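Participant: 3D model of this:
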Amino acid sequence: MTVAEPGTTAVLAGGVGAARMLAGLIQVVDPTTITAVVNTADDLILHGLEISPDLDTVTYTLAGAIDPDRGWGLAGETWQAMESLRRYGGEAWFNLGDRDLGTHLFRTGRRRSGASLSEVTLDIAQAWGLDVRLLPVTDDVIRTRLTVEGEGEIAFQEYFVHRQHSVAVSAVRFEGADVSTPAPGVLAAIAGATTVVIAPSNPIVSIGPVLAVPGVREAVMARRSDVVAVSPIVAGAALKGPADRLLVDLGHESSVVGVARIYAELAATLVIDTADAELAGAVEAEGMRCIVTDTIMSSPARSAALGRVVLGGRPS
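Facilitator: Numbers count the residues shown, from 1 in each chain. This is a model prediction of the structure:
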C-alpha cells in the first residue's frame, strides 16, 4: 500500500529507531523515492578498521539481515574472531561478528584506496540490493564527545558500549562538525523532498550530530512546514538506549513536550505515542501540530502503519 500522493522523502536518521522507521516507509512508498541522511558521529576506528555503526544498522535492517533480538549486527552471526581476540588479551569490549567484519574490512580497504565514505556507502548499499539512497551526513570526520562528571571527555562508543551509558553526562559536543561539509546530495535531498522526516532517534547524539554539520540545520528549518518529527520518548522513557537520561542530564525534559521544545524550530509536526495522548495540548502549545498514534514499531506491520501516518499526516 502507498500513500495517496507520491513524492520524495528525506529522513534524518541514526540508530535502531531510524532503521525501523525506514523499514516501515519502504513498505508504503517506492524505496527509490527515499533518501536517508545518516549520523556518522558514532563512527570509530578499532583494530585498524573503519566502523560506521548507524550506516550499518540501517543497511542491515533494510536488507532484512539485521539480528532481530539485538537490533544491530547480522542475523545468524558467529563470534570466532572475537573469541580469538579475547584469548590474546586484545581489546574486545566492542563486539564485531565474523560476517560483520567483512563489511568493515571492505570499507577500510576502499577508504584507504581513496574512496569517500559516500562512495563506500553506495557500494555497500548496492551489494545488499537496497533501493533507498543512503547518505552519510558528511564525508568528513566528526565524532561525538561526552563530558562525564569528574572525568572529562570520553568518546561516544566508550560511553555507549563500554560503559553501557551508565555514567552521568554534563555536556556533549561534536568534534570536527564545525569545519565539516555536508556530503554530496545531502542538502539537495532535504531541499527537494516532499516530506522531511526526523526519525525517532536520540535527539542529542543521533540527530544532534546530523544537524551540527553546517548547512543541515538551516536546510531543515527552511522546510519546517514539511518536516515531521517522531518522538523517541514514550511515556517519559526511551524505548531503547539512553535518550531519556541524556535529556535529563543536559537540562531537558524527558517527555514528548521536551522533544517538542528541541524540535519546534525545525518541524511543524510531532508524532507522539498514544501513551502520551494527554500531552498533545502541551506539545501544540510549543508551536507544533501534534499527531497521536501508535509509535512502537514492534513488528513490520506496525512500522508500516507508522510510516503511513508520518507521510499521510493523520492517525492510523
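Participant: for the spatially closest residue to S303 that is not a sequence neighbour, which three-state class applies?
Facilitator: Nearest-residue entry for S303: G24, 3.0 Å, with adjacent residues in sequence omitted and distances by CB to CB, 6 or more residues apart in numbering. Yep, even glycine has a C-beta here, placed from its N, CA and C like the rest. Following DSSP: H, G, I helix; E, B strand; the rest coil, G24 is assigned to helix.
Participant: burial measure for G24, as a count.
Facilitator: Per other CB atoms under 10 Å, the neighbour tally for G24 reads 23.
Participant: wait, doesn't F160 sit right on K240?
Facilitator: No - F160 sits out of contact with K240 when judged by CB atoms under 8 Å, with a separation of 11.5 Å.
Participant: the two: which is more packed in?
Facilitator: Between F160 and K240, counted using other CB under 10 Å, the more crowded position is F160 (21 against 13).
Participant: how close does the more buried one sit to T40?
Facilitator: 15 Å (CB to CB, to the nearest Å).
Participant: what's the answer for S225, then?
Facilitator: 28 Å.
Participant: please apply the same query to A304.
Facilitator: 27 Å.
Participant: more neighbours: the two, which one.
Facilitator: With neighbours defined as other CB under 10 Å, A304 and T40 compare such that T40 has more, 28 against 19.
Participant: from G73, how far off is that one?
Facilitator: Distance of T40 to G73, given as CB to CB: 18 Å.
Participant: equivalent analysis for G15, please.
Facilitator: Using CB to CB, G15 is found at 13 Å from G73.
Participant: quick one: which of these two has more around it?
Facilitator: Legend: neighbour count by other CB under 10 Å for G15 and G73, higher for G15 (28 against 21).
Participant: show me the contacts for the more buried one.
Facilitator: N39, D42, P53, D54, T57, S201, N202, S206, G241 (CB atoms under 8 Å, 6 or more residues apart in numbering).
Participant: D54 is in contact with the second one, correct?
Facilitator: Yep, that's D42 we're talking about. Yes - taking contacts as CB under 8 Å, D42 lies within contact range of D54: 5.5 Å.
Participant: next, show the common contact partners of those two.
Facilitator: G14, G15, S206.
Participant: among those residues, which lie within helices?
Facilitator: Among these, the members found in helices (DSSP state H) are G15.
Participant: could you dump the shared contacts of D42 and D54 into TSV and include distance to A127 and pLDDT?
Facilitator: Formatted as TSV, the shared contacts of D42 and D54 follow (distance: CB to CB, whole Å; pLDDT from 0 to 100):
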residue	distance to A127	pLDDT
G14	22	93
G15	22	87
S206	25	95
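Participant: among the contacts of G15, who's most crowded?
Facilitator: Using other CB under 10 Å as the neighbour criterion, N39 leads the contacts of G15 with 34 neighbours.
Participant: wait, doesn't it sit right on V11?
Facilitator: No - using CB under 8 Å, N39 is not in contact with V11, being 11.4 Å away.
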